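>>> Would you be able to build a 3D model of this:
(2 chains)
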Number of protein chains: 2
Amino acid sequence: MLQPNPYRGKLIVVEGIDGSGKSTQINLLTKWLQSRGRSVYFSEWNSSDLVKSTTRLAKKERMFTPTTFSLLQATDFADRWENRMLPMLKAGVIVMADRYAFTAFARDVARGVDPDWVRNLYSFAPKPDIVFYFRVPLDVAVKRILSSRAKLKFYEAGMDLGLSENKVTSFQLFQQRIIDEYDGMVDEFNLTVIDGTTPVQKMQKQVRQIVKEVLDGWEGLPSPKGLAARERKEKAGKAPLEKVALIETIQGGEK
Amino acid sequence: MLQPNPYRGKLIVVEGIDGSGKSTQINLLTKWLQSRGRSVYFSEWNSSDLVKSTTRLAKKERMFTPTTFSLLQATDFADRWENRMLPMLKAGVIVMADRYAFTAFARDVARGVDPDWVRNLYSFAPKPDIVFYFRVPLDVAVKRILSSRAKLKFYEAGMDLGLSENKVTSFQLFQQRIIDEYDGMVDEFNLTVIDGTTPVQKMQKQVRQIVKEVLDGWEGLPSPKGLAARERKEKAGKAPLEKVALIETIQGGEK
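Numbering: from 1, shown residues only, chains lettered A, B, ... in the order given. Next up is the predicted model:
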């Protein structure tokens, strides 16, 4: 389905259900890579400006069917992919994605969408260099989510599926379906499984070790800081201006 | 790719480039079928409320890539399909579509999208009972369009493809690509080709003849008028109320 990443940059992805700790880990990893002089671009699921207003309206009015939900999120992804992630990868940047096509493969299929259809939908996106799958037992994730959120949202709880009248029960049943889909993808897409119940710092150590091995010997686009240091070292007169300009746009992310 | 229509209702589609005369023909056909006591539901390409605001914004800001354009129109189609066309077909109504998946197969591929990818995108939609393809030479269609419109729009003229700096030239080149795609689909999807240069009334006669043959012996949901007439005739005491209520919602179409 997904072809190997053919670009100069590296693509690192975190996946897992909400409450699996993946966002904390990718944030720590991003800061660590930047501190080591790497140029990093961060992209978050469902964050494109293109379909924002439609997504908001459709969620509010509960207009989505599983197919339209899936298509609209694919539109969001394609917009971020073609306008942000792809140019960054071509430039040699490390692209870090908090959720990628696998989120659609897990969630949309949990909603009843055909697995082959949704895999084809994302076939324009390459296979990442690493996909970390943060695996946690359902009850751990649910406890984390329920303690940190005021209220579960309608689609988040999978209420559109009619699994239960009770929001928490529906959320649990829906999340279990998503876990089952992720588990089934471990071999299919060679996901790197991380035990999500490990303490944060220890987990980060594991994650860094794996990333280190993947980046070993690879030279990407250096970060502005690293670049400046190297320039001082080399005392080179010719400043690669277009590179510096490019990197400046990377810092904020798209959200 | 597209499976045969398995539903009680009939699905009739018109396709062709702008200026091919298809909209005139489907309008005449719809009125004729209604006058013969048929329940007809009409659906137009890109008319769903779901993605309207996004489409407008993205066109204005020229934010679309071929992939995001394709995905957003598929979202629009899926919304109309699942919420309107499918329930109507299940109820036994004749669904008339001014453009269907074939428009995406023609236009999106003319924009450079992968033919197999876009065919998979619409694989949830069944094959219509009839697809009329109104074929006109490029110059005839272009003359009709340019004489009836104040100004060609950016995406309509295919300006996103960079085929020409000149809007009319770009439009012509883009339309020729679309014609080529339609011509290639005649055998693939068994399209019924109609010569779009035939005079309107004569063309309508041909179209009606073909529809008559397809509907021969078929009993769909009768229209309220036909229903009332039959009820008077049969002097039946039991009124099928839910049918009447359904038909009332059909009259307006979704636009």
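>>> Residue A:13 looks like it's in a strand, true?
Yes. Secondary structure of residue A:13 (DSSP: H, G, I helix; E, B strand; the rest coil): part of a strand.
>>> quick one: pLDDT of it?
For residue A:13, the pLDDT comes out at 98.
>>> Now for it: which residues touch it?
Counting by Cβ atoms under 8 Å, 6 or more residues apart in numbering or on different chains, residue A:13 touches A:96-97, A:99-100, A:102, A:128, A:130-132. (Each C-beta comes from the backbone N, C-alpha and C, glycine too.)
>>> what's across from residue A:127 in the sheet?
For residue A:127, the beta-bridge assignment (DSSP bridges) gives partners residue A:4.
>>> How much space separates it from residue A:4?
5 Å (Cβ to Cβ, to the nearest Å).
>>> which among the contacts of residue A:13 gets closest to chain B?
residue A:100 (16.0 Å; Cβ to the nearest Cβ).
>>> these two touch, right, that closest one and residue A:128?
Yes. Between residue A:100 and residue A:128 there is a contact under Cβ atoms under 8 Å: 6.3 Å.
>>> For the nearest residue to residue A:192 once chain neighbours are set aside, give me phi and psi.
Closest residue in space to residue A:192, ignoring its immediate chain neighbours: residue A:132 at 5.2 Å, by Cβ to Cβ, 6 or more residues apart in numbering or on different chains. The phi and psi values for residue A:132, taken as degrees, to the nearest 10, are phi -80, psi 130.
>>> My guess is residue A:132 contacts residue A:22. True?
Yes. Between residue A:132 and residue A:22 a contact is recorded at 7.0 Å, counting by Cβ under 8 Å.
>>> more neighbours, the two?
In this view residue A:132 and residue A:22 are compared by other Cβ atoms under 10 Å in any protein chain shown, and residue A:132 has more residues nearby, 26 against 23.
>>> Around chain B, pick out the residues from chain A.
A:50-51, A:53-54, A:57-58, A:63, A:65, A:67-68, A:71-72, A:74-75, A:78-79, A:82-83, A:114, A:117, A:120-121, A:123-124 (Cβ under 8 Å from any Cβ of the partner chain).
>>> let's see 6 Å
A:50-51, A:53-54, A:58, A:63, A:65, A:67-68, A:71-72, A:74-75, A:78-79, A:82, A:120 (Cβ under 6 Å from any Cβ of the partner chain).
>>> on that earlier part again, bridged to the residue nearest to residue A:192, which residues?
residue A:14, residue A:192.
>>> contacting residues for it?
By Cβ atoms under 6 Å, 6 or more residues apart in numbering or on different chains, residue A:132 lies in contact with A:14, A:192, A:194.
>>> same question, residue A:197
Applying Cβ under 6 Å, 6+ apart, the residues near residue A:197 are residue A:136.
>>> what comes up buried for the biggest helix by length in chain A?
Among all segments of chain A classified by DSSP state H, the helix with the greatest residue count is helix A:167-188. Of all the residues in helix A:167-188, those buried under the rule 16 or more other Cβ atoms under 10 Å in any protein chain shown are A:167, A:170-175, A:177-179, A:181-182, A:185.
>>> Residue A:64 reaches residue A:58, doesn't it?
Yes. Using Cβ atoms under 6 Å, residue A:64 makes contact with residue A:58 at a distance of 5.2 Å.
>>> Quick one: the strands in chain A, in order.
A:10-15, A:40-44, A:94-98, A:130-135, A:192-195 (DSSP state E).
>>> Residue A:109 against residue A:119, yeah?
No. In terms of Cβ under 6 Å, residue A:109 does not count as a neighbour of residue A:119; the distance is 9.3 Å.
>>> These two: which is more packed in?
residue A:109 (23 against 19).
>>> quick one: contacts for that one?
Applying Cβ under 6 Å, 6+ apart, the residues contacting residue A:109 are A:115, A:181.
>>> Let's see that with 8 Å instead.
Contacts of residue A:109 by Cβ under 8 Å, 6+ apart are A:115, A:118, A:181.
>>> try residue A:23
Applying Cβ under 8 Å, 6+ apart, the residues near residue A:23 are A:14, A:98.
>>> got a pLDDT number for it?
Reading off the model, residue A:23 has pLDDT 94.
>>> Give me the distance between it and residue B:34.
In terms of Cβ to Cβ, residue A:23 sits 56 Å off from residue B:34.
>>> Would you quantify the distance from the residue in the stretch 151-255 of chain A that chain B sits nearest to to residue B:50?
Minimum separation of the stretch 151-255 of chain A from chain B (Cβ to the nearest Cβ) falls at residue A:160, amounting to 12.5 Å. For residue A:160, the distance to residue B:50 equals 15 Å [Cβ to Cβ].
>>> what does residue A:189 give?
Applying Cβ to Cβ to residue A:189 and residue B:50 gives a distance of 31 Å.
>>> And the two? Which one has more around it.
residue B:50 (24 against 21).
>>> Name the nearest residue to that one, sequence neighbours excluded.
Nearest non-adjacent residue to residue B:50 (Cβ to Cβ, 6+ apart): residue B:79, at 4.3 Å.
>>> quick one: the one you found and residue B:51 touch, right?
Yes. Here residue B:79 reaches residue B:51: they are 7.3 Å apart, a contact under Cβ under 8 Å.
>>> For those two, indicate the residue with more neighbours.
Using other Cβ under 10 Å as the criterion, residue B:79 and residue B:51 rank with residue B:51 on top: 28 against 24.
>>> ok, so what distance separates the more buried one from residue A:77?
15 Å.
>>> ditto for residue A:50
10 Å.
>>> again with residue A:147
From residue A:147 to residue A:77 the distance is 30 Å (Cβ to Cβ).
>>> do residue A:96 as well
Where residue A:77 is concerned, residue A:96 sits at a distance of 15 Å (Cβ to Cβ).
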